[in-house]
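Asks: the sequence and its predicted three-dimensional model are supplied below.
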Amino acid sequence: TGAEVASAGAAAASRPRMSGTAAAALHRCLATVRASVRLKQAVTAKERLRWRCHAARRARLLAAEQCTELEARLGPGDDGADEVRDILDGLGVPPAPDEPVSMGAP
């Protein structure tokens, strides 16, 4: 309705305007937070692939040397993660659990 549009416009007008420097600082802060989240996601994904590799070795689907080779492909950069995932998927290795279970858990 017209009253809602008018009140929304009044609310927007009453908000303090952000200066260009403050907006730039906020943008840099958000970019840093996003980069941190992406880095944590990449680390988590690689840890899950390492878990799957060890599970494949325990199930005797991979030899220890093969597991070591796959883990080496998970080094810096994202080049090998997709290939390692494809290999483990092809072997039928199940996905890593969302929360790792400790060895002493029932």
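Replies: Structure received.
Asks: what's the longest helix in this protein?
Replies: Across the chain, the helix with the greatest residue count (assigned by DSSP state H) is helix 20-58.
Asks: starting at the chain centroid, how far to the helix or strand just after it?
Replies: The C-terminal neighbour of helix 20-58 among helices and strands, as given by DSSP states H and E, is helix 64-73. The chain centroid and the centroid of helix 64-73 are separated by 22 Å, computed with Cα atoms, centre = their mean, to the nearest Å.
Asks: ok, now stretch 66-85?
Replies: Here stretch 66-85 is found 16 Å from its chain centre; the criterion is Cα atoms, centre = their mean.
Asks: with stretch 23-31 instead?
Replies: A distance of 21 Å separates the centroid of the chain from that of stretch 23-31, by Cα atoms, centre = their mean.
Asks: and the contacts of it?
Replies: With contacts defined as Cβ atoms under 8 Å, 6 or more residues apart in numbering, stretch 23-31 is touched by residue 18. Where C-beta positions appear, they are placed from N, C-alpha and C, glycine not excepted.
Asks: and residue 97, how many neighbours does it have?
Replies: Other residues within reach of residue 97 by the criterion other Cβ atoms under 10 Å amount to 10.
Asks: with residue 73 as the reference, measure out to it.
Replies: Distance of residue 97 to residue 73, given as Cβ to Cβ, to the nearest Å: 22 Å.
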